[in-house]
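Asks: After the sequence you'll find the predicted model.
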Amino acid sequence: MASIVQPPSVVRHQARYEKGLLSWLATTDHKRIGQLYLYTSLVWFLVGGLEALFIRSQLWSPNGRLVTAETYNQLFTMHGTTMVFLVIMPFSAAFFNFLIPLQIGARDVAFPRLNAFSYWVFLLGGVFMNVSWLLHAAPDAGWFGYAPLTTKAYSPGLNIDFWVLGLQILGVSSLAAAFNFITTIINLRAPGMSFMRMPIFTWMSFVTQFLLALSFPIITVAVTFLMFDRFYGTNFYTIAAGADPLLWQHLFWLFGHPEVYILILPAFGLVSEVLPVFSRKPLFGYNVMVYSGMLIAFLGFGVWAHHMFAVGMGPVADSAFSVMTMLIAIPTGVKIFNWLGTLWGGTLRFTTAMKFGIALIALFTIGGISGVMHASPPSDLQQTDSYFIVAHFHYVLFGGSMMGLFAGMYFYYPKITGRMMSETLGTVHFWLTFIGMNLTFFPMHFLGLTGMPRRTWTYDANQGWEFNNRLATVGAFMIGAATLLFVYNWFKSMRSGAPAGNDPWGGATLEWSIPSPPPDYNFAEIPTVTSRTPLWHGDPGPGPATYPAPFTPVQPRTAAQLGITMPTPTVKPLIAAMGLGVAFTGVISHKNLFLILAGAAIFVGTLYNWLLTPLEPEHH
Amino acid sequence: MTGHHRARWSRFVALAPWLAVALAACSGEPNSIFGAHSQFGHDVDLLTRRLLYLGIAVFVLVETLLVFAIFKFRKHEGNTAARQTHGNTTLEITWTFIPAVILAFIAIPSVQTIFRTQGEAPAGALTIQVIGHQWWWEFRYPEYNITTANEVYVPVGRAVNFELRTNDVLHSFWIPQVSGKRDLISNHTNHLWFTPDSVGAYNGFCAEFCGASHANMRFKVFAVSAGQFAEYVAHQQTGPVFPLALDTTKAAKGAKGAPAAAPATVPPTPAQLATGTWPLDQLPRWVVPATPIPDGLADTMPADAARGAAIFKTAPCIACHTVQGVSAGIIGPNLTHVGSRTTIASGLYPNDHAHLVAWIKNAPEMKPGSAMMALGQSAMGAGGLTDQQIADIAAYLSALK
């Protein structure tokens, strides 16, 4: 590798970007951006969790009056919107960012500045949506925002404006990121890494990016119609003008169902990384795992109307969507059995990451089974919009996605921070979460089967719902306590955790071959890959006797020492995102034309300037 | 893993039978979907149970394998080397094929039930038009020319065809103990039909989020014998039983002077009293609302129905409510026979004097977002109705059997 000596001016310029606030604002490093996603999502996770605790407290007693009906509707709308768009998706994005380049042996993503832009736009979208709380105008029509309730005639306030514009902003972020990762995975794989040698997490992420790229345009269209209706008086959903409100439902769920797989596939990927390492066996049926992921994603586009059995689509449509939905259970079941196959015959070690991974299998199974129950329309008509559904999708999204993400966080913590996370606190966190989660959501099955409708501010006495609601509330507070413990563990271990070394767990894939935390250039030399498990050389062995595996500390050399050219840090993506923020603030401020134009000018101007600036410092 | 852990895991496995027992117990619950008080209800119930039992079987299988693997393959002295497998085609085909077969056992009866329950309603079915409003239910029987609200009577043994429409946003019509739900969709007419097969009083709910008081949009369903239904219809078809031919001038004057001498009213005849409505003392506990009255709205003033009748005619009430022969408002529920209902405010409060008074004083306080404005002086100032006027109106409404 030819050594390139940087002129002193460039070195000085770059030093400003290595530490401190500016280094984060101007970063184009996928690992830093991954961490920004992670910490931001963690904040929203606490916010969304707090909303959930208000909801559960309100439902502690029949005819509860802790919050008003209007506030309750805002709480459950924002809880759902937050957990989907501001927690699970960006937690997954944190892993896409941090891991994909490391797993495929690349120095960064294909478009590092676009990547930074995606993050800043996501942050902006989250802040935009939550600022509504300060104005007592948080969105209040549910995360699904069914028309015509969301139209001006029935929701004249700012609430839905915040929701509509917030979703638009978040869509920009997701789409930009999706194209970035697709390009990255296709183009930047290390020599020898064929598609069928890619780590399974990268595979599931790859599939997820296609889901994002194909489904987000649909919600964008749906939301744009609504935006035009609300701001410019069009009639896409205006009932008085004869609109058909089912247009929204079809568009929303045509996005909404693939969205479910956007939320779960990355977690599946993470667990598929964790289980083999702590079983000391390769993933059982790698090919089938890849194909089933693709099949789930593909079928996921053909089942949207199972969210709409109650609208009366007629027996033929109901039957078709019912059977399609049941088909998805097959590849999903295959995944469950292949995970069991991975555990089978292994030497299992129950680290916190492994516990969360196994919990995903146990809990997602329950969500999958109840999912099949409402794949059958006659049965679903008794379940949809009841608490049975609330139980179902929390087993999928908390028991599935969150458990998988927690597994990933414990597993990759050493790689991200360079230190080990406390296993003792981790174990307490796990059991509190596991028990709290079941205590919260299992009784909701019974609430649904005994007729409790969902999205209800309160319920009457004498309905037989009190006991199960109380269990759920106790469980929710257990999850809350567990989460605070997790946050404490996270930051405490950053200072006091044992140093991790390159490969604390005895991992198989490329990310474990480099220092923890990885240097900005990731790989001093781009590796050549000859198998799916390059670090195991055909045999995982027994793994380290204790965690972390013993190691000799090595100070990695800098990019300059190695002569590796890295992208120049730049705040332009941040400024471009802020331009977008100004423009959207203009739209919500009664279509303030000055702000809209100023924001657009900042955005376009910065983009123009950014595109004319080379990514890397010029070679001398 | 320690023995302590083992105990916890085995408790987890012990969940399965408990689950089955708990589900069985569900059917005895007030609003249980396993009630199946209609013919379709039985079909659906059978299907749901099949799904449940198969689901529980799959649950037990997967969790047992998982727990077994956790103990059997945990790392210990006897298990130090993992058996290296990369996959097993036979196994993988097996666990693709078996779920497919199980799903076929679900899919076929599902499709059969779909077609059975979604066909055309039989000729001779009783059509009931259901119109959703934020946040109450309007029921019309075109065959009998009856309009009522929030309480619907259906005859056991005759197919009932609900014609579902909405006046505003989406709602969903759900009687858990009788049938699955069906949405009310703007600019659409939807249908749901079933044949009630046992006498009973049931709770109904709005199951599609519809705004501020979605949680408070409830209704009551009374499945009654054919004879009682005929009685109900006959009664609802007559005008209000409360005698209207009284001297309202005198009554209004009486309202000012205290104590007011109640004007002479003509006692209703026994035939008029036979309302065909569900007897209050036979309502199941869970069909009687227990929503508390917000602070400051309760009242126990002596009231007079005749004075109330006179006030009603000139009060803002008539702009929105119909009382046959008195007013023709159509924005709010028809009140012609409001006194014969068991609840007010779409199933939110019992229909008694105290609740009617509180409701008229300040409806939005009683039910968030209610389109009925607060009429009492406490909320409206001097322009509002006095407590005495409200009490009298309440007495009048209670008398509208």
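Replies: Great, that's in hand.

Asks: Buried by neighbour count: which residues of stretch B:183-195 qualify?
Replies: In terms of neighbour count (16 or more other C-beta atoms under 10 Å in any protein chain shown), stretch B:183-195 has its buried residues at B:D183, B:L184, B:I185, B:S186, B:H188, B:N190, B:L192, B:W193, B:F194, B:T195. Any C-beta I mention is one placed from the backbone N, CA and C, and that applies to glycine too.

Asks: so which of these comes closest to A:A241?
Replies: For the buried residues of stretch B:183-195, the residue nearest A:A241 by C-beta to C-beta is B:S186; the value is 11.1 Å.

Asks: which residues sit in contact with the closest residue to the closest one other than its chain neighbours?
Replies: In space, and not counting its chain neighbours, B:S186 is closest to A:I239: 4.4 Å by C-beta to C-beta, 6 or more residues apart in numbering or on different chains. Shown in contact with A:I239 (C-beta atoms under 8 Å, 6 or more residues apart in numbering or on different chains): A:P148, A:T151, A:A153, A:P245, B:D168, B:S186, B:N187.

Asks: Show me which of those are buried.
Replies: Listed as buried from the contacts of A:I239 are A:P148, A:T151, A:P245, B:D168, B:S186; burial here means 16+ other C-beta under 10 Å.

Asks: Taking the stretch 401-550 of chain A, what residue is nearest to chain B?
Replies: For the stretch 401-550 of chain A and chain B, the shortest gap (C-beta to the nearest C-beta) falls at A:G451, measuring 2.8 Å.

Asks: what's the helix or strand for the residue nearest to that residue when sequence neighbours are not counted?
Replies: Nearest non-adjacent residue to A:G451, counting by C-beta to C-beta, 6+ apart: B:N31, 2.8 Å away. For B:N31, there is no helix or strand it lies in under DSSP states H and E.

Asks: Generate CSV for the buried residues of stretch B:183-195, with pLDDT as supplementary columns.
Replies: Formatted as CSV, the buried residues of stretch B:183-195 follow (pLDDT from 0 to 100):
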residue, pLDDT
B:D183, 97
B:L184, 97
B:I185, 97
B:S186, 96
B:H188, 96
B:N190, 97
B:L192, 96
B:W193, 95
B:F194, 95
B:T195, 95
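
Asks: Which ones among those map onto strands?
Replies: When the buried residues of stretch B:183-195 are checked against strands (DSSP state E), the matches are B:D183, B:L184, B:N190, B:L192, B:W193, B:F194.

Asks: Contacting chain A as well, which ones from these?
Replies: Restricting these to those touching chain A (C-beta under 8 Å from any C-beta of the partner chain) yields B:D183, B:N190.

Asks: which residues of the stretch 51-200 of chain B fall in strands?
Replies: Counting by DSSP state E, counting those that start in this stretch, residue ranges of the strands within the stretch 51-200 of chain B are B:126-133, B:136-141, B:146-149, B:151-155, B:160-166, B:171-175, B:179-184, B:190-194, B:200-206.

Asks: what angle sits between the longest one and strand B:136-141?
Replies: Taking axes from the mean of the first three to the mean of the last three C-alpha atoms, to 10 degrees, strand B:126-133 and strand B:136-141 form an angle of 160 degrees between their directions.

Asks: so where is the chain shaky, pLDDT-wise?
Replies: You didn't pick a chain, so chain A it is. A:1-17, A:618-620 (pLDDT under 70).

Asks: not what I meant, chain B
Replies: Looking at chain B by pLDDT under 70, you get B:1-27, B:242-273.

Asks: most distant residue from the middle of it?
Replies: Here the centre of chain B is the reference, and by C-alpha atoms, centre = their mean the most remote residue is B:E77, at 61.8 Å.

Asks: mind listing what the residue of the stretch 401-550 of chain A closest to chain B touches?
Replies: Neighbouring residues of A:G451 by C-beta under 8 Å, 6+ apart: A:S386, A:Q463, B:E29, B:P30, B:N31, B:S32, B:I33, B:P176, B:Q177, B:N203, B:F205.

Asks: Let's see that with 10 Å instead.
Replies: A:G451 makes contact with A:382, A:386-388, A:459, A:463-465, B:26, B:29-33, B:35, B:174-177, B:202-205, B:207, B:286 under the criterion C-beta atoms under 10 Å, 6 or more residues apart in numbering or on different chains.

Asks: just how off-centre is stretch A:547-558 within its chain?
Replies: The chain centre lies 31 Å from the centre of stretch A:547-558; the measure is C-alpha atoms, centre = their mean, to the nearest Å.

Asks: domains in the chain, as residue ranges please.
Replies: With no chain named, the answer covers chain A. A:21-538, A:578-620 (automatic domain parsing).

Asks: you looked at the wrong chain, it should be chain B
Replies: If you go by automatic domain parsing, chain B breaks into B:3-76+B:87-117, B:126-237, B:248-399.

Asks: can you tell which of those domains is closest to A:E18?
Replies: A:E18 sits nearest to domain B:3-76+B:87-117 of all those, at 42.2 Å, using C-beta to C-beta.

Asks: count of residues packed around the nearest residue to B:W286 once chain neighbours are set aside?
Replies: Leaving aside its sequence neighbours, B:W286 sits nearest to B:P30 (C-beta to C-beta, 6+ apart; 3.7 Å). Here the number of neighbours of B:P30 (other C-beta atoms under 10 Å in any protein chain shown) works out to 20.

Asks: measure B:P30 to B:V326 for me?
Replies: Distance of B:P30 to B:V326, computed by C-beta to C-beta, to the nearest Å: 37 Å.

Asks: Also B:C210?
Replies: Counting by C-beta to C-beta, the separation of B:C210 from B:V326 is 30 Å.

Asks: wait, isn't B:Q177 in contact with B:F194?
Replies: No - contact between B:Q177 and B:F194 fails when scored by C-beta atoms under 10 Å: they sit 11.6 Å apart.

Asks: Quick check: neighbours shared by the two?
Replies: Common neighbours of B:Q177 and B:F194 (C-beta under 10 Å, 6+ apart) are B:H37, B:S38, B:G41.

Asks: Could you dump those residues into JSON lines with distance to B:G381, secondary structure and neighbour count added?
Replies: JSON lines is the format used below for the shared contacts of B:Q177 and B:F194 (distance: C-beta to C-beta, whole Å; DSSP: H, G, I helix; E, B strand; the rest coil; neighbours: other C-beta atoms under 10 Å in any protein chain shown):
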{"residue": "B:H37", "distance to B:G381": "49", "secondary structure": "coil", "neighbour count": "21"}
{"residue": "B:S38", "distance to B:G381": "50", "secondary structure": "strand", "neighbour count": "25"}
{"residue": "B:G41", "distance to B:G381": "52", "secondary structure": "helix", "neighbour count": "26"}
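
Asks: can you list the residues of the stretch 251-400 of chain B near chain A?
Replies: Proximity of the stretch 251-400 of chain B to chain A is confined to B:284-292, B:294, B:347-348, B:367-369 under the rule C-beta under 10 Å from any C-beta of the partner chain.

Asks: could you say which helix or strand contains the residue of the stretch 301-401 of chain B found nearest chain A?
Replies: Closest residue of the stretch 301-401 of chain B to chain A, C-beta to the nearest C-beta: B:P368 (3.8 Å). Counting by DSSP H and E, there is no helix or strand that carries B:P368.

Asks: Got phi/psi on it?
Replies: Dihedral angles of B:P368 (phi, psi; degrees, to the nearest 10) stand at phi -50, psi 130.

Asks: Was I right to think it contacts A:D140?
Replies: No - contact criterion C-beta under 10 Å: B:P368 and A:D140 do not qualify, at 11.8 Å.

Asks: Please say which of these two ends up with more neighbours.
Replies: A:D140 (28 against 20).

Asks: Report the contact partners of the closest residue to A:G599 other than its chain neighbours.
Replies: Closest residue in space to A:G599, ignoring its immediate chain neighbours: A:A583 at 2.8 Å, by C-beta to C-beta, 6+ apart. By C-beta under 10 Å, 6+ apart, A:A583 lies in contact with A:L165, A:I169, A:N592, A:L595, A:I596, A:L597, A:A598, A:G599, A:A600, A:A601, A:I602, A:F603.
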